[in-house]
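# Here is my input; please provide its structure:
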Amino acid sequence: MAEVEEDVPPEPSIDFVPALCFVPRGVTKERPDKIVLTQAELARIIGETQNMLEENDDEDDDDEDGDGEGMEVDNEETSANAGNENHNPQDEFNFNNYENEENSTVTNLANVVDADQQVPDEDEDSEAEDEVIKPNDNLVLVGHVQDDAASMEVWVFNQEEEALYTHHDFLLPSFPLCIEWMNHDAGSDKPGNMCAIGCMDPIITIWDLDIQDSIEPTFKLGSKENRKKQKEQYGHKDAVLDLSWNAQFEHILASGSVDQTLILWDMDEGQPHTTITAFEEKVQSIEFHPEDAQSILTGCADGLVRLFDCRDAESVNASFIKWQINGEVEKVLWHPTETNYFIIGSNDGSLHYADRRRPNDLLWSVKAHNEEISGVCFNKLMPNLLTSTSTEGSLKIWNFNTTEAKHVYEHDFNMGRLQCMRQCPEDPYTLAFGGEKPPRCSVFNIKNFEAVRRTFGIADVE
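Model (predicted):
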């Protein structure tokens, strides 16, 4: 008699890390708060989630009612072409259509939780060593996508102990595209430990990292329109591609979107302060200047890098300076110490170096990778060291000045397409990478490469 095979869950067809972010050491509570909800509180949250899903359905109905007037659609032809000439070869995971798939809903509380079946958390072992966040721990916030489920995993990284492990995670309402840490807690006069997450959904969610079992954000920036409930839209109208927190004006958060706008949010008010519309395509990368709080650098899919002075909201759309490159701008980043300079990464794998005092002039350009640039990092301790990653899967290290960039070293982490790279705030040689093959998130110190130590005069690792 044949043995009955146990049911094994299928391997996810989509499984990757599209965004991540470091949290500085010493800002997280030693023991993040654990929230145990009553059944009434849980029922309320589930009800709100169900209402949100109904609003999305109403919005879809509104779109169908409004967009279908006076139009004839050949359904057979549309269906046949969906997988051919209308398919975007750059959209590997078909994100452009994920909201339109009838049976594909991002996992949310209303799908997986029944309030009547919940029992109190009886785990009293709060003294477990892995539960405690030490003063010399970094958190690494890891956005994770598995099929139609999206979550943020909170990892603990300790450089001295060479430890890296998952502390906890929580569900997200939509696929994460960017994560930004900030210490501004709106409504409080004390520094916070917060993060903003931009997703395929146009609404930005703000989460308190000192609460371990979050099942809803602290607050949101933006709202969708719902005509049936007389709810007005404000904020972005499409996916949020990048975020930048203003460390000098701590209540200001900037967001760039597929809807071709840049919004400066006043988080204390929960409303847009300034909306910049001087773009011809989606806004893919943004960063506030490290010293001049009023200046923000933007990279757009129209091939233009724009530098805005945001002090005058009335004239900001017309009073910018710009740089043109071939292709789309994927990344822009200010040099942390030589702050007149910045790097540009493009979708064809090129890197360009520029000086804000010389508009429309590139100091040097190099074909760094064969596919789009997915991450760039300077090094505040070694001003002539630059790292770059690409969706081709490689990390490259460069020795540069104002006239040229020389290739130093290349490494493949065997994680498939590298989607993102971020830098440890305390140690700029330590980088985190997100990819699509196990382990999907990796933290690595580039001083381990002999070529890096030799080129930049770094002492050998003992």
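# tell me the secondary structure for residue 455?
Under DSSP: H, G, I helix; E, B strand; the rest coil, residue 455 falls in the helix class.
# Neighbours of the closest residue to it other than its chain neighbours, how many?
Excluding its sequence neighbours, the residue lying closest to residue 455 (Cβ to Cβ, 6 or more residues apart in numbering) is residue 408, at 5.0 Å. Placement of C-beta: from N, CA and C, glycine included. Other residues within reach of residue 408, judged by other Cβ atoms under 10 Å, total 20.
# sec struct for residue 408, please.
Once three-state DSSP is applied, residue 408 turns out strand.
# right, and it touches residue 398 too?
Yes. Taking Cβ atoms under 8 Å as the definition, residue 408 is a contact partner of residue 398 at 6.1 Å.
# can I get the CA coordinates of the helix or strand containing residue 287 in PDB?
Residue 287 is located in strand 283-288, with elements delineated by DSSP states H and E. Below are the C-alpha coordinates for strand 283-288, written out as PDB (Å, rounded to 0.1, in the frame of the first residue of the first chain):
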ATOM      1  CA  VAL A 283       9.500  60.500 -10.200                       C
ATOM      2  CA  GLN A 284      11.800  57.600  -9.300                       C
ATOM      3  CA  SER A 285      14.400  58.900  -6.800                       C
ATOM      4  CA  ILE A 286      14.500  61.900  -4.400                       C
ATOM      5  CA  GLU A 287      16.800  63.100  -1.700                       C
ATOM      6  CA  PHE A 288      17.000  66.200   0.500                       C
END
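# in its sheet, what does that strand sit against?
strand 295-300 (antiparallel) (DSSP bridges).
# And for the partner strand, what's in contact with it?
244, 254, 256, 262, 264, 279-289, 305-310, 328-332, 334, 342, 344-345 (Cβ atoms under 8 Å, 6 or more residues apart in numbering).
# Quick one: list the elements packing against the helix or strand following that strand.
Next helix or strand after strand 295-300 toward the C-terminus (DSSP H and E): strand 304-309. In this structure, strand 304-309 packs against strand 295-300, strand 320-324, strand 329-334, with contacts taken as 3 or more Cβ pairs under 8 Å, 6 or more residues apart in numbering; DSSP states H and E.
# do you know which of these lies nearest residue 177?
strand 329-334 (12.7 Å; Cβ to Cβ).
# For the stretch 351-462 of the chain, which segments count as helices?
Secondary structure of the stretch 351-462 of the chain (DSSP state H, counting those that start in this stretch): helices located at 450-456.
# okay, and for it, where does confidence drop off?
461-462 (pLDDT under 70).
# I'd like the distance from the nearest residue to residue 451 once chain neighbours are set aside to residue 158, if you could.
Distances taken as Cβ to Cβ, 6+ apart place residue 409 nearest to residue 451, at 4.2 Å, with adjacent residues excluded. Distance of residue 409 to residue 158, given as Cβ to Cβ, to the nearest Å: 26 Å.
# What of residue 376?
26 Å.
# Among those two, which residue is more densely surrounded?
More crowded of residue 376 and residue 158, by other Cβ under 10 Å: residue 376, with 23 against 15.
# wait, the more buried one sits on residue 331?
Yes. Counting by Cβ under 8 Å, residue 331 is a contact partner of residue 376 at 5.1 Å.
# Identify the contacts common to those two.
In contact with both residue 376 and residue 331: 343, 345, using Cβ under 8 Å, 6+ apart.
# buried stuff in the strand holding residue 287?
283-288 (16 or more other Cβ atoms under 10 Å).
# Between those residues, which sits nearest residue 187?
residue 288 (22.4 Å).
# Now for that closest one: which residues touch it?
244-247, 254, 295-297.
# got those residues as TSV, with neighbour count and pLDDT columns?
Shown next, in TSV, are the contacts of residue 288 (neighbours: other Cβ atoms under 10 Å; pLDDT from 0 to 100):
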residue	neighbour count	pLDDT
244	25	98
245	22	98
246	20	97
247	13	95
254	25	98
295	18	97
296	27	98
297	22	98
